[in-house]
Structures are given as C-alpha cells and as structure tokens.
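S.K.: sequence first, then the predicted structure, then my questions.
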Amino acid sequence: MEKALRDALQGAVTTCRVLLERDYREQLEGVYGVLPNGDVQPLDRLPRLDAEGRALRGAIEAALLHEQAQGYAAPETVSRFVRAAAYTTLNRLAALKLMEANSRGIVRPSVGAGREAAGFQAFQRVSGSVANAPDGGYPLYLGLLCDDLAVELGELFDRRQAAGRLFPSPRCLDQVLSKLNAPALAPAWDEDETIGWVYQYFTPTEQRRQARAESRSGPRNSEELAFLNQFFTPRYVVQFLVDNTLGRLWYEMRQGETLLAEHCTYLITEPGEPIPEREKRDPRQLRILDPACGSGHFLLYCFDLLETIYEEAYEEGDADLRKDFPSRTDFQRAVPGLIIHHNLHGVDIDLRACQLAGLALWLRAQRSYQQLGLRPAERPRLTRSHIVCAEPMPGEAELLEEFVQGLEPIELGGLLRAVFEQMRLAGEAGTLLRVEVGLRDTIAREMKRWQSRPSHEQGELWLDTDGARPLLIGPPTEADFWEAAERRTLDALRDYAERAANGRPAMRRLFAEDAVQGFAFVDLMRRRFDVVLMNPPFGASSRGAKAYIDSAYPRTKHDLYAAFVERALDLLHPGGLLGAITSRTGFFLTTFQRWREELLLGEARLIALADLGQGVLDTAMVETAAYCLERSESRSERAPGLSARAGEARYAARLE
C-alpha cells in the first residue's frame, strides 16, 4: 500500500476512534447512568430506558464488575469498556467495507453509501413499519447483518457482549461513515493488508509517544505492551520468513519437486546441494503458529502456500485426501476450510488483534471460494478458527467456587483451580506463559486420584453429554485424562452460563466465556508445531510479567524477543522451523551471548539470515534482522504435547 493511502487511512482511523469514544462516553453517562468514575446510577433515575435499554444497562454493569474482578479500578474499567466498544464498532464497519468491495462482493452494499446503500434500501422495501421508525431502521439493519456474520465471525460480530451491543448515535455514525467512505480511501478497501493498518493506526502516535516517555522501565501493563509493539510486517519480510520455513518444509518433503520452488521467490537453495529428507505427510497434519499474531499477516501468506501444498498432495494421490474427498470438486471446496481448521493458529494478548486476524483469514477463504465461482450463498460456513486471545481466567472467586461445587468427578475441581492459578499472567505474558509445564504435575496428581476410584466410577469421566464413550486403545494416558476432563468441564461451563438461579445470568455468561477462552489457550500451548512465525514484542516485558519472565527465561530475560525465540523452540517439534523478525542486537551484543551460543547455535540451527537494518517496521526505531532456525532433534522437551489421538477442534471451543 502506497504511503499516501496509508496516511489517509491513518487519519480516518484516528478520527473515527475519537468520534466513537466520545459518543460512547456520552451514551454511558447520559443514557445508561454509568459515570466516568465507575459509579452506576440506580435504574429508577433512568425512567427513559425501555426494557431493551434496561437489559443492556444490566449487561454493561456486569461487564464493568467482571473487569473489576480482574483487578482493574472502577474508572479504568469504564475507559476499557469505551475503548472496546469503539474498536469493535470500527472493526465491524471496516469489515463491512471490505466485504462489500467490488473485488469481493460478499455482502450487499451496506455502509459504503450509508442509508442510501443498496442493501439497506432493499431491507426497507420488505420491512414494512420498520422503515417508518425515527432512525429509518438503519441500526436494526446493521444489527441483523452483524448477527448473520456472527455465525462465522463470532469474535468480531457477536452482539451478546455488552461492548458489542452499543451502537453509535445517528450523528456519530454519519460522521464515521463519512470518514470511511472518503474518495481518497476507496482503493484501500480492495487491499487485504488494510486490516493490518487499521489495527496499527487505532492507537494514535501521540499515545505511543506518551507511553514510551512515561514507561522508561518497560510497559506498565499488557495494553501498553500491545500497542507499543504494533508494527506492520512488510510483505517481503513475511515472504522471506514463510518461504524459508513452511516453503522449505514442503520443498524438502517433495525433494524439490514442487511448484513452491518457483512460487517461493525468497527460498534459499544452493544448486547441486543435497536436499535434506523429510517424511511426506498429509497437509492436514501441518501445524503453523504465530505466537504474537497481530492482524494475522504471516498466516495470510501461509494460506497462499497451503493452497498449493494441498493441490499438489491431492494431485500426487495422497491416500487419505483421496479417500476423504473422492470428488475433486468437493476437495477444492473443502480446502479453505481445511486450512483454517487444521493448519493455522494464532495467539495475541489484544482482543482487537484476534478480531481482525480471524476476519483476515475468513476474507482470504472467501477469495478462494470466489475464484472457484461459488456465490456467497453457496460457500461452506467457516465457524471455527484457531485464533486465541491470551487472557487470564475470570477473577470472580465466588463464581469459581459455585461452579466447582457442581463438577463431577471431584478431581475436575482440583484441575480447574490449578488452571485458574496457572493462567493468572496469561494476559501479561501471552505465549511466554509456560502453562503446560505448570499443569503437568497437577494433571498427573489428579489422574492418580481418579485412578484410585472404583472402576465403575472411573468410567463416568468418559461419558459425553449424550452418554457416548470415546474409543480408547489401551490404558488411558495423561493426555486422554486431560482431554476427557476438559470436555466434561466445557460442557459444564455451557450449562452454567445458561442457568440463572442466582439472578446473575450476565455474570455467569462472562465467567463461562472467559473460562472457555482460557482452556483454548491452554490446549494450544500443549500442542507442538511444525512452523512458528513471528514479529514478537521487543524490549522490556510489562511490569506485571517481569518477575515471571525473569524466573522462567533466565537465559533470555533481557529482551522479550529473545525470550520469544526460546519459547518458540519449546513449541516446535524436533526438526520444526522458526521464522522471526526481531531487533538485530542479539547477533552482536555480549548480553545475548548465551542466546547465540545455547539457542541459535546449540538447540537450533541457523538456516537463513537477512540483516535488514533501520526503517523496516514503519515507525519502529529499531534495526532489524529476519532469520530462520531449525530446532535441533536433540533439544529436550519441556513438556509432552497432546497425543496424536487428541481431537482437532476442542481448543477452539466457543459457547454457542
């Protein structure tokens, strides 16, 4: 994207944020009785609220209390709520702009011409009395559109969350749409990378500067850590790293006989050099992770390569693919879903990043469907992705105890309490949190307690809600025990979210949803991957995570990016490949000597390096290097991964 277009987009995004945050603050105080200091006025002082408004006010109050249970002060919870409502609204409108662009045509024009949009005009013609409402029914139309998209993009469009139910006032909406629909921005909505720039530009440059000036010893919290490290990775860097990891993996599996040899223009090969041998595998078995995924830029390019990988595997006659998809047409229709469901995984500490990464992959899949000639109504639904927000388990201790009391068998309670304890720093440390290591002893202990039960009581653990039992070959392993315990707990959480016996259904739902998200993170960290790709945070950790990182990463604690490289090697299979762009300081400063000698030249093998220098990561004042490593076969495992039999989908479980 040209700089002039990026500058225009930055101005629009910054202005929209200001407009939305001001509007939502005014709504919270003037309509819903929520003051900036966190005080909440009694409902009897808000007589103008109808039943729907009173329900939303209750949801807002529950959301604020839920945040306070995590340790945030009351005024801070209001600010965080306003910010979440603003970025969710902006992300939705930007998503609709991208979907209705002529190059995609996923939805009928809905926001590009505001209330004159063709989609809304058609809605008015069939909606009868709705068109005569004071607002003309436009908010209702956009809400119904969000509800339909939430089936596949729940992280972004689900309106059950209070921050996602706020809607701009008519004046504010018109102002925001005027900015997004400016003629100067028109080319941006045809560009896939627009999502990444919207993510980066939401935080104003002035706020970044102020945070850097006020936090010399490191980011004060996870929010500062996130926006101080929001730097768009240029496409050529992404290609260099992906070509020499995922591209190299497939190149070696096929001994150079692959179209990727031409497609991967940055793949480093030496003429006549023997190609290392790798066992050929079903493409569905390849696992790629971005542990600090932002808006998903690395994963998008991986999607491109994976389409070629699947096509070549099918053409070569992969027995499992041919068995599951005898029809080539059915196979081609399935590939986008297979890539999202099996191959691509991402984690971020910023929910906004997770919203946009999920959207980016979904839009990329739609492009593939479009190239196959499938109209939107004919395309398979993509209801599951592996983009996970790293956040702590809910902080309501009384709800945890209430929930644990209903869990059977009782070993689940001990396991759940351990998960809650181990996840305390998830929002600060993200994927640096070695939660799988902390849980290993707990899983072994609770399994031993469970095994001491009579055999007929042991069997209860394996029953699904429909009474079915999974097929076990031989005695259950710790991975089997974890899988069964997690499945029972997730089922119980869904039931708990729907019960309102104590009169707090909103609080129960927030508790349950956060717990489900936490289990998704735990499961992801218990897996091992073939490729890890990243543009990780650099510099000091957030203050809340410093003590943990100093303890868990004594060799690499001096800079976050060094710790991320160490963690990435944890998460790789032996022989797996890592691609990263980081500061170049690790390659020559004496403080990184152990990082170089023990990790890069000991537990891994350096296979590609590009010294990039200054000015690569937009406004980041850092000299960078891009490099690829292969994990040593002899590097010891810190914790066992999940068994091969473990289900593919459970760590992406969501409340329905």
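M.R.: Everything's here; your move. Residues are numbered from 1 along each chain as shown.
S.K.: give me the helices and strands touching the one helix or strand R333 maps to, please.
M.R.: Per DSSP states H and E, R333 falls inside helix 328-338. Helices and strands touching helix 328-338, as assessed by 3 or more CB pairs under 8 Å, 6 or more residues apart in numbering; DSSP states H and E, comprise helix 297-316, helix 351-371. Using the backbone N, CA and C atoms, a C-beta is placed for each residue, glycine as well.
S.K.: can I get those helices in CSV including distance to L606, mean pLDDT and mean neighbour count?
M.R.: Output for the helices and strands packed on helix 328-338, formatted as CSV (distance: least, CB to CB, whole Å; pLDDT from 0 to 100; neighbours: other CB atoms under 10 Å):
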stretch, distance to L606, mean pLDDT, mean neighbour count
helix 297-316, 20, 95, 21
helix 351-371, 28, 93, 22
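S.K.: show me how the record splits the chain into domains.
M.R.: Annotated domains of the chain cover 3-191, 235-267+279-389+528-631, 397-527 [automatic domain parsing].
S.K.: can you say which of these is nearest to V198?
M.R.: Proximity to V198 (CB to CB) singles out domain 3-191 among these, at 5.2 Å.
S.K.: tabulate the helices and strands packed on helix 328-338 (a markdown table), appending distance to F232.
M.R.: As requested, these are exported to a markdown table (distance: least, CB to CB, whole Å):
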| stretch | distance to F232 |
| --- | --- |
| helix 297-316 | 7 |
| helix 351-371 | 12 |
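S.K.: V31: which of those is closest?
M.R.: Closest among the helices and strands packed on helix 328-338, using CB to CB: helix 351-371, at 24.4 Å.
S.K.: how far does that closest one sit from the chain's center?
M.R.: 12 Å (CA atoms, centre = their mean, to the nearest Å).
S.K.: give the other helices and strands that that helix contacts.
M.R.: Checking 3+ CB pairs under 8 Å, 6+ apart, helix 351-371 ends up next to helix 74-100, helix 154-157, helix 194-201, helix 297-316, helix 328-338, strand 344-348, strand 386-389.
S.K.: out of the helices and strands packed on helix 328-338, nearest to L286?
M.R.: Using CB to CB, the nearest of the helices and strands packed on helix 328-338 to L286 is helix 297-316, at 7.5 Å.
S.K.: CA atoms of the closest one as PDB?
M.R.: Extracted C-alpha coordinates of helix 297-316, given in PDB (Å, rounded to 0.1, in the frame of the first residue of the first chain):
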ATOM      1  CA  HIS A 297      -0.200 -11.100   8.300                       C
ATOM      2  CA  PHE A 298       2.000 -14.200   8.400                       C
ATOM      3  CA  LEU A 299      -0.900 -16.500   8.500                       C
ATOM      4  CA  LEU A 300      -2.400 -14.900   5.400                       C
ATOM      5  CA  TYR A 301       0.700 -15.700   3.300                       C
ATOM      6  CA  CYS A 302       0.800 -19.200   4.700                       C
ATOM      7  CA  PHE A 303      -2.700 -19.600   3.400                       C
ATOM      8  CA  ASP A 304      -1.400 -18.900  -0.100                       C
ATOM      9  CA  LEU A 305       1.300 -21.500   0.100                       C
ATOM     10  CA  LEU A 306      -1.000 -24.100   1.700                       C
ATOM     11  CA  GLU A 307      -3.400 -23.900  -1.200                       C
ATOM     12  CA  THR A 308      -0.600 -25.100  -3.500                       C
ATOM     13  CA  ILE A 309       0.500 -27.700  -0.900                       C
ATOM     14  CA  TYR A 310      -3.000 -29.200  -0.700                       C
ATOM     15  CA  GLU A 311      -3.300 -29.200  -4.500                       C
ATOM     16  CA  GLU A 312       0.000 -31.000  -5.000                       C
ATOM     17  CA  ALA A 313      -0.800 -33.500  -2.300                       C
ATOM     18  CA  TYR A 314      -4.100 -34.300  -4.000                       C
ATOM     19  CA  GLU A 315      -2.600 -34.500  -7.500                       C
ATOM     20  CA  GLU A 316       0.100 -36.800  -6.200                       C
END
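S.K.: what's in contact with whichever helix or strand comes after it?
M.R.: Later in the chain than helix 297-316, the nearest helix or strand by DSSP H and E is helix 319-324. Residues outside helix 319-324 that contact it (CB atoms under 8 Å, 6 or more residues apart in numbering): 282-284, 310, 313-314, 331.
S.K.: return the most buried member of the domains of the chain.
M.R.: domain 235-267+279-389+528-631 (a mean of 20; mean count of other CB atoms under 10 Å).
S.K.: between the two ends of that domain, how far is it?
M.R.: 25 Å (CA to CA, to the nearest Å).
S.K.: one more: stretch 43-58?
M.R.: Rule used - CA to CA; the end-to-end distance of stretch 43-58 is 9 Å.
S.K.: ok, now stretch 145-154?
M.R.: By CA to CA, one end of stretch 145-154 lies 12 Å from the other end.
S.K.: could you do stretch 542-558 as well?
M.R.: 12 Å.
S.K.: give me every residue that touches the nearest residue to F157 once chain neighbours are set aside.
M.R.: Nearest non-adjacent residue to F157, counting by CB to CB, 6 or more residues apart in numbering: A150, 4.0 Å away. Taking CB under 8 Å, 6+ apart, we find A150 in contact with 156-159.
S.K.: backbone dihedrals for P134, both of them.
M.R.: As for P134, its main-chain torsions (degrees, to the nearest 10) stand at phi -50, psi -40.
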